[in-house]
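Chemist: After the sequence you'll find the predicted model.
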Amino acid sequence: MKKIQMVDLGGQYQGIKDQVNSSISNILESSTFINGPEVHAFQKELEEYLDIKHVIPCANGTDALQICMMGLDLKPGDEVITADFTFAATVEVIGLLQLTPVLVDVEPDTFNIDIKAIEKAITPKTRAIVPVHLFGQCANMDAIMDLAHKYDLYVIEDNAQGIGAKYTFNDGTKKMSGTIGHVASTSFFPSKNLGCYGDGGAIFTNDDDLAHTIRGIVNHGMYKRYHHDVVGVNSRLDSIQAAVLRAKLPNLDKYNTKRREAAQKYSKAFEGQEHITIPKTVNGCEGICDTCDCHVFHQYTLKITNGKRDALVQHLNDNGVPCGVYYPIPLHNQKAYLDERYNEADFPVTNELVKEVISLPMHTELDDEQIDYITSMIIDFINK
């Protein structure tokens, strides 16, 4: 059996090696490192893939989320509601802009932001909701957009983990993740479903005026060289990263299908295990159905419900199986984001998840032998 990796980028590279190497060589020869043809071509191709009017590439996913908020002209003290159970970047940018983060609980099955908790948290100071499409599937965007309309709020989708997923609305129509709210951010960190070989990110919107504002922000506030019309930042996707992303984008649906197939095999192996809770899709399916397009499994995350999660992590690591705990500490308990407004009773799900979740190796190169080894090791350990 080949070595098990949490993400096998080397194996994936072999399938696109010639195109990546040729593109990078051309960039080196032409020296078009910043805002070159590869960047513009990738932007257009991603717009077509997502069926969205504007993709604005930038330097990384954290910048993308911050720039979304800057583009909406949110002011210090404005409240922004987001999930307590997510990576810190989501709340980090709220703090950097001197906005007021309002953390709320998540759903126990999908791990996405809880709709009732959002509405309970809305005040006259609330300006935006940031749903995080955690682990690869969309939050309940029907309900979130209804709240946004009801309370006149912006919706900023944090799509760092969900690119390629589709959301099915209550009326049966579908849209790609990141194309539903007023604006969205994504990350092209190497381990993402669509990842480059360094840092990268992008912003998505159908709003022409907002797109214009954001294009200035990412480039020092310039629309014309040395004319600074808005306060901006320096956040650009470089040509080499764009070339890698161009090679991967035509394969994204295939990559996501491979992830779903691996997830199905994991879930089948864990069926009937009393102390192992397998992922549920946003559509409420038990397991992953054959026609699933709502989940792209950036992570395959179990809940271990008998108190053995930490011991299982150690056991897997000792036996050559990498794994991750995403996330071990709720944001409301992180030193940087402590706030007397928060009550532990408001976070029952998050406080339980941080004790139970474990994410298994998930990537396009997983094979049956590896999956059998991983699942057998987990089942044997949990039941002994």
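Modeler: Great, that's in hand.
Chemist: is it true that Pro330 touches Ala83?
Modeler: No. Contact criterion CB atoms under 8 Å: Pro330 and Ala83 do not qualify, at 10.0 Å. All C-beta spots, glycine's among them, are computed from the backbone N, C-alpha and C.
Chemist: which one of the two has more residues nearby?
Modeler: Taking neighbours as other CB atoms under 10 Å, Pro330 and Ala83 compare with Ala83 leading, 28 against 23.
Chemist: Phi first, then psi, for that one.
Modeler: Per-residue torsions, Ala83: phi -80, psi 140 (degrees, to the nearest 10).
Chemist: Excluding chain neighbours, give the residue nearest to it in space.
Modeler: With CB to CB, 6 or more residues apart in numbering as the criterion, Ala83 has its nearest non-adjacent residue at 4.2 Å, and that residue is Ile113.
Chemist: for Cys323, same thing?
Modeler: The shortest distance from Cys323 to any non-neighbouring residue, by CB to CB, 6+ apart, is to Leu316 (5.0 Å).
Chemist: Can you spell out which helices and strands pack onto the helix or strand hosting that neighbour?
Modeler: Element membership of Leu316 [criterion: DSSP states H and E] is helix 309-318. For helix 309-318, the helices and strands in contact under the criterion 3 or more CB pairs under 8 Å, 6 or more residues apart in numbering; DSSP states H and E are strand 357-360, helix 368-383.
Chemist: Would you mind finding the most buried of those?
Modeler: Ranked by mean neighbour count, the helices and strands packed on helix 309-318 are led by strand 357-360 with a mean of 22 (mean count of other CB atoms under 10 Å).
Chemist: Who are the contact partners of Ile56?
Modeler: Shown in contact with Ile56 (CB atoms under 8 Å, 6 or more residues apart in numbering): Gln43, Ile67, Ala202, Ile203, Phe204, Thr205, Ala211, Ile214, Arg215, Val218.
Chemist: What is the burial count for the closest residue in space to it that isn't next to it in sequence?
Modeler: Excluding the flanking residues, the one nearest Ile56 by CB to CB, 6+ apart is Ile203, at 4.5 Å. Number of residues near Ile203 (other CB under 10 Å) recorded here: 30.
Chemist: Ile203 reaches Cys58, doesn't it?
Modeler: Yes. With contact defined as CB under 8 Å, Ile203 reaches Cys58; the gap is 6.4 Å.
Chemist: Residues that sit against both of the two, list them.
Modeler: Ala64, Ile67, Val218.
Chemist: Looking at these, which one is closest to Ile379?
Modeler: Ala64 (39.4 Å; CB to CB).
Chemist: could you measure that closest one against Glu92, distance?
Modeler: Distance, Ala64 to Glu92, by CB to CB, to the nearest Å: 13 Å.
Chemist: Show me which of those two is the more surrounded one.
Modeler: Neighbour tally, Ala64 and Glu92, criterion other CB under 10 Å: the higher count belongs to Ala64, 33 against 18.
Chemist: what about that one, is that helix, strand or coil?
Modeler: Assigned with DSSP: H, G, I helix; E, B strand; the rest coil, Ala64 falls in the helix class.
Chemist: how close does it get to Phe188?
Modeler: Distance, Ala64 to Phe188, by CB to CB: 9 Å.
Chemist: so what sits against both of the two?
Modeler: The contact sets of Ala64 and Phe188 overlap at Gly201, Ala202 (CB under 8 Å, 6+ apart).
Chemist: shaky segments in the chain?
Modeler: 283-291 (pLDDT under 70).
Chemist: Please report phi then psi for Lys175.
Modeler: The phi and psi torsions at Lys175 (degrees, to the nearest 10) take the values phi -140, psi 160.
Chemist: thinking it is in contact with Asn159, fair?
Modeler: No. Under the criterion of CB under 8 Å, Lys175 makes no contact with Asn159, lying 11.7 Å away.
Chemist: So the two - more neighbours on which side?
Modeler: Per other CB under 10 Å, whichever of Lys175 and Asn159 has more neighbours is Asn159, with 30 against 16.
Chemist: residues touching the more buried one, list them.
Modeler: Per CB under 8 Å, 6+ apart, neighbours of Asn159: His133, Ser177, Gly178, Ala184, Ser185, Thr186, Phe204.
Chemist: That concludes my questions; thank you for your assistance.
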